[in-house]
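Engineer: Show me how the following folds:
(one chain, ligands or ions: 1)
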Amino acid sequence: MKKTRYSNVLGVIGDPVYHSLSPVMHNAAIRALKIDYIYVACHVKPSILPRVIGRISSMGIAGVNVTIPHKERVIELLDEISEQSARIGSVNTIVNIDGRLRGETTDGPGFMRSVTEQWGKLDGCKALVIGAGGSAKAIAFSLAEIGCEVVIANRTRERAVELVEGLREVYKAGRFRVADLNENVIGDEIRATDLMVNTTSVGMHPDTDSIPVPPEYLHPHLLVYDLIYNPARTRLIEEAERRGARALGGLKMLVYQGALSLEMWTGLQPPIAVMEEAVVEALKTR
Ligand code: NAP
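Structural biologist: Numbers count the residues shown, from 1 in each chain. Take a look at the predicted model:
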């Protein structure tokens, strides 16, 4: 445990934040660890973000998670950020280190842990990332880090171009490009890829009939990772498995990124199975 004595409050700040599963997941871990903390969801509108961040150190709060829409803007309010957060321009975890606020991102590590646990090492793979938002950035940079060729396809092409430029700036020798999401092009991209990651919200509850790419291009040699965790089995996962592909949903990533945050705040080893069970239970009522 860290030397400094912190208040016993942890939490997530966002706008909106009512839908967040983090309180359920973290409070289950806190109970299992028998530590004197409580994790709360705080609705923080952009206009009060600077004041709220200022209170973290003045109130001795050990740390908070940061969610939409503050992940990028919060950076200028912190004392320091990790190398990974600087690369992707996003922070999802703030850690109070003896009064100094450090920004971290646990999405990329959470994704990589779940992928390697399920499918082993993917170093040097060909990856197709659908989407170019916050989570796409974290995932694209994590895949670039292990030498993967990364193709980005997004509804708004300019955002994909921006992401590819960001990747090229950091990994000068890397292979990165943009692909169109239109049906003719994306079919060829899917056929040529080893790993396809859906980072869009297409297929998420309640719009569960939607699918981000035409299912007929999914093939048996493909690994399909869908970041969506509600529902646990999206239409993309079902169509992929029906065609012989191996597929994984976003639940493990959610748990692993949360577990990493909790470990950063408390220095303790989080109870992964307890956290996962809490999320699965909570999803039954959503
Ligand atoms: P974000 O920054 O808002 O990005 C959303 C992405 O989805 C953008 O690329 C957007 O394209 C695309 N998109 C949205 N609606 C679309 C539509 N109807 N058709 C095509 N593309 C569409 O969101 P995010 O933070 O990256 O989160 C994205 C998803 O990942 C959410 O479902 C979230 O729950 C999930 N997620 C899961 C985890 C986990 O731990 N499992 C962690 C983070 C996020 P445009 O650029 O064209 O708008």
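
Engineer: what's the nearest residue to residue 155 once chain neighbours are set aside in contact with, if anything?
Structural biologist: Nearest in space to residue 155, with sequence neighbours left out and distances taken as Cβ to Cβ, 6 or more residues apart in numbering, is residue 181 at 6.1 Å. Using the backbone N, CA and C atoms, a C-beta is placed for each residue, glycine as well. By Cβ atoms under 8 Å, 6 or more residues apart in numbering, the residues touching residue 181 are 130, 153, 154, 155, 213.

Engineer: Please enumerate the strands of the protein.
Structural biologist: For the chain, the strands defined by DSSP state E occupy 7-14, 38-43, 61-66, 80-81, 93-97, 100-104, 126-130, 149-153, 176-179, 195-198, 223-226, 246-248.

Engineer: For the ligand, give me its nearest residue in the stretch 51-200 of the chain.
Structural biologist: Proximity of the stretch 51-200 of the chain to the ligand (Cβ to the nearest ligand atom) peaks at residue 133, 1.9 Å away.

Engineer: Could you verify my assumption that that residue touches residue 200?
Structural biologist: Yes: between residue 133 and residue 200 a contact is recorded at 7.5 Å, counting by Cβ atoms under 8 Å.

Engineer: Those two: which has the busier surroundings?
Structural biologist: Neighbours were counted for residue 133 and for residue 200 using other Cβ atoms under 10 Å; residue 200 has more, 25 against 16.

Engineer: ok, that one - contacts?
Structural biologist: 130, 131, 133, 154, 155, 212 are the contacts of residue 200 under Cβ under 8 Å, 6+ apart.

Engineer: now, which of these sits nearest residue 259?
Structural biologist: Nearest to residue 259, judged by Cβ to Cβ, of the contacts of residue 200 is residue 133 at 22.9 Å.

Engineer: nearest residue to that closest one other than its sequence neighbours?
Structural biologist: residue 199 (6.5 Å).

Engineer: what's the burial count for that neighbour?
Structural biologist: Quick note: residue 199 (other Cβ under 10 Å) scores 27 neighbours.

Engineer: can you tell me which residues contact it?
Structural biologist: Per Cβ under 8 Å, 6+ apart, neighbours of residue 199: 129, 130, 131, 132, 133, 135, 136, 139, 227.

Engineer: got the contact list for the third one?
Structural biologist: By Cβ under 8 Å, 6+ apart, the contact list for residue 131 reads 154, 198, 199, 200, 212.
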